[in-house]
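Q: I'd like to go over a predicted model; first the sequence, then the structure.
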Amino acid sequence: MTDTLTDRQTDRQADTVTLESLLRSSTELLAAAGVDSPRADAELLAAHVLGVSRGEVVAWAIAGRRLDPLQSVDLRRLSISRATRTPLQYLTGTTTFRSVELQVGHGVFLPRPETELVAGAAIDAARAVRPGPGEQDGHPLVVDLCTGSGAIAAAVATEVPGAMVHAVEADPEAAWWAAANLDPRGVALHVGDAATALPDLDGRADVVVSNPPYVPDGRIPTQAEARRDPGLALYGGGADGMRLPTVVAATAARLLRPGGTLVMEHDDTQGELVAGLLRRGGLFSDVQTQEDLNGRPRYTIAARTDGTMAR
């Protein structure tokens, strides 16, 4: 009887493999595929499969933790998908952006680290809004145009308590993900064209922020993962990519109150184009191009003047 029990335990252990051995094989696979951070990605995929943190995965690997056959198959399957350069976030279903965790997947643009700076500038501008005459508390009105996954709007709603946040997205597939991220945070999502969005808010917004499509036509992203992003979220229109940024600037001029702030991300080749666009017509002043963490001109901040838009 004892021998039979021992044999069963031995058979069960033979069906398992150590977490560390799976992490090593996954790391080798991802490295061969050219993934930038193969060990980190392997650990994050394991954390997703096991429902624990990456730190626990590291500790379990050191301790010799074994995985059952189903867990092993799941990790191998995800590692193979990652080796095809499917973005890690698509496989785990989540990504972190500033203070928020977002749901993401196929069909939505993945927020980048540089966009966290754009969101930060919008948050600072919203926090600086002061109560109007007769008001005790300021409740800044913020509009996020071309919201995509809802990353910027979600960060603003989380980090500026009391802010009234509206988000606009034209692509129904991206809007599905935006709804999942914004509805729980009390952000009003509007599915529609940024050019005609929110006429009821004309002249009332304190802050308009946008990370619009801006990649020039014909420029193919160099990173394999970036080529999985939907084209609607990438290409701004025209050889210079400025068609949609121009639309966003016009809508911002319509929505913002005098003194309100526009924050717009753009390509690092478009700094002077965006600045010139905003200075034309006298609708914006104090136009400032800002650099990302790599010292590249990546977003512009401007203040709405009290000038009148041409009709």
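A: Yes, it's here.

Q: Report the buried residues of the lengthiest strand in the chain.
A: The single longest strand within the chain, with elements called by DSSP state E, is strand 256-265. Within strand 256-265, the residues that qualify as buried are 256-257, 260-265, counting by 16 or more other C-beta atoms under 10 Å. All C-beta spots, glycine's among them, are computed from the backbone N, C-alpha and C.

Q: what is the mean pLDDT for the helix or strand just after that strand?
A: Downstream of strand 256-265, the first helix or strand assigned by DSSP states H and E is helix 271-279. The average pLDDT within helix 271-279 is 95.

Q: Who are the packing partners of helix 271-279?
A: helix 243-255, strand 284-291, strand 297-304 (3 or more C-beta pairs under 8 Å, 6 or more residues apart in numbering; DSSP states H and E).

Q: Low-confidence regions, the protein specifically.
A: For the chain, applying pLDDT under 70 flags the ranges 1-15, 132-137, 220-231, 233, 308-311.

Q: Show me how it divides into domains.
A: Per the record's domain assignment (automatic domain parsing), the chain is made up of the domains 2-84, 95-304.

Q: Return the most buried member of these.
A: Sort the domains of the chain by mean neighbour count, taking mean count of other C-beta atoms under 10 Å, and domain 95-304 sits at the top with a mean of 19.

Q: next one: that one to chain centre, how far?
A: Chain-centre distance of domain 95-304: 11 Å, with C-alpha atoms, centre = their mean, to the nearest Å.

Q: Figure out the length between the terminal residues of that domain.
A: Chord length of domain 95-304, first to last residue, is 33 Å (C-alpha to C-alpha, to the nearest Å).

Q: same check, this time on stretch 208-215
A: This stretch, stretch 208-215, spans 21 Å end to end (C-alpha to C-alpha).

Q: again, but for stretch 202-219
A: Length of stretch 202-219, first residue to last, C-alpha to C-alpha: 35 Å.

Q: same check, this time on stretch 176-194
A: 17 Å.

Q: swap in stretch 271-290?
A: End-to-end span of stretch 271-290 (C-alpha to C-alpha): 9 Å.

Q: want to throw the buried residues of strand 256-265 into a markdown table with distance to A151?
A: Listed next are the buried residues of strand 256-265 as a markdown table, based on distance: C-beta to C-beta, whole Å:
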| residue | distance to A151 |
| --- | --- |
| L256 | 21 |
| R257 | 25 |
| G260 | 21 |
| T261 | 19 |
| L262 | 18 |
| V263 | 14 |
| M264 | 15 |
| E265 | 11 |
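
Q: Among those residues, give me the pair with the biggest separation.
A: R257 and E265 (22.1 Å; C-beta to C-beta).

Q: coming back round to it: and the longest strand of the chain, which strands flank it?
A: Looking at strand 256-265 with DSSP bridges, its partner strands are strand 205-210 (parallel), strand 297-304 (antiparallel).

Q: my read: T27 touches P38, true?
A: Yes: counting by C-beta atoms under 8 Å, T27 does reach P38; the two are 4.6 Å apart.

Q: quick one on the thing from earlier: report the inter-axis angle for the longest strand of the chain versus helix 243-255.
A: Interaxial angle, strand 256-265 versus helix 243-255 (axes from the mean of the first three to the mean of the last three C-alpha atoms, to 10 degrees): 160 degrees.

Q: Could you list which residues are in contact with the closest residue to N211 other than its chain neighbours?
A: Leaving aside its chain neighbours, N211 sits nearest to E265 (4.2 Å; criterion: C-beta to C-beta, 6 or more residues apart in numbering). By C-beta atoms under 8 Å, 6 or more residues apart in numbering, the residues touching E265 are 114-115, 118, 210-212, 214, 298-299.

Q: isn't E114 right up against Q290?
A: No: between E114 and Q290 there is no contact under C-beta under 8 Å: 10.1 Å.

Q: who touches both of those two?
A: The contact sets of E114 and Q290 overlap at 298-299 (C-beta under 8 Å, 6+ apart).

Q: which SSE is the spatially most central residue of the chain in?
A: In the chain, the residue lying closest to the centroid (C-alpha atoms, centre = their mean) is P111, at 2.1 Å. Per DSSP H and E: P111 is located in neither a helix nor a strand.

Q: Which residue, other than its chain neighbours, is closest to it?
A: P111 sits nearest to A151 (C-beta to C-beta, 6+ apart), 4.0 Å away.

Q: any idea how far T158 is from the one you found?
A: Distance of A151 to T158, computed by C-beta to C-beta, to the nearest Å: 11 Å.

Q: For the residue lying closest to P172 once chain neighbours are set aside, give me its contacts.
A: Spatially, and ignoring its direct neighbours in sequence, P172 is nearest to V191 (6.4 Å; C-beta to C-beta, 6+ apart). Going by C-beta under 8 Å, 6+ apart, V191 touches 168-170, 172, 175.
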